[in-house]
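**Q** give me coordinates for this.
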Amino acid sequence: QVRLQESGPGLVKPSETLSLTCTVSGASMTAYDSTWTWIRQPPGKGLEWMGAIGSHGSTNYSPSLQSRTSISKDTSRKQFSLQLSSVTPEDTAVYYCARMFNDYGLEYLDVWGQGTLVTVSP
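**A** Got it, this is the predicted structure:
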């Protein structure tokens, strides 16, 4: 069974960098069929895809967040990480890590972490 678990600080100050880690169990991070993804949901708003990292380390980011976002992975630790720089209170959200599974060309998010609330406040 594939499981994902987010970890990181729940409170970040404005202008600082938000850093979160997602620990993966039950799946290979180098499997061609998996892309490791970060998604967030601000209070009262919808889900926002932030970016992802593929099995070979290639990354894609949301155009609106690209200048502030970095996603990396440590295959030996079975973790992938998110860094979001220069945060503002508008970055307050529940942050989720998830797996995008490629099922013979059909892609869908099949496993999610429980989510972690990050608040940006002085």
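**Q** can you tell me what sits against stretch 69-78?
**A** 23-25, 29-30, 36, 38, 50-53, 57, 59, 61-62, 79-85 (CB atoms under 8 Å, 6 or more residues apart in numbering). For the C-beta atoms, the positions are set from N, CA and C on the backbone; glycine is no exception.
**Q** brain fart, stretch 53-65
**A** 29-36, 48-52, 69, 71-73, 80, 84.
**Q** report the buried members of the contacts of stretch 69-78.
**A** 23-24, 29, 36, 38, 50-53, 59, 61-62, 79-82, 84 (16 or more other CB atoms under 10 Å).
**Q** which positions in the biggest strand by length in the chain come out as buried?
**A** Using DSSP state E, we find that the single longest strand of the chain is strand 93-103. Buried positions in strand 93-103, judged by neighbour count with 16+ other CB under 10 Å: 93-101.
**Q** was I right to think T21 contacts W36?
**A** No. Checked against CB atoms under 8 Å, the pair T21 and W36 is beyond contact range at 11.4 Å.
**Q** what do those two both touch?
**A** Residues touching both T21 and W36 comprise F80, with contact defined as CB under 8 Å, 6+ apart.
**Q** quick one: G8 from S28, how far?
**A** Distance of G8 to S28, given as CB to CB, to the nearest Å: 23 Å.
**Q** ok, of the buried residues of strand 93-103, which one's closest to G113?
**A** Of all those, G113 sits closest to C97, with 4.6 Å by CB to CB.
**Q** name all residues that make contact with the residue nearest to that closest one when sequence neighbours are not counted.
**A** Nearest residue to C97, sequence neighbours excluded (CB to CB, 6 or more residues apart in numbering): C22, at 3.3 Å. Counting by CB under 8 Å, 6+ apart, C22 touches 4-7, 36, 38, 79-82, 97, 113.
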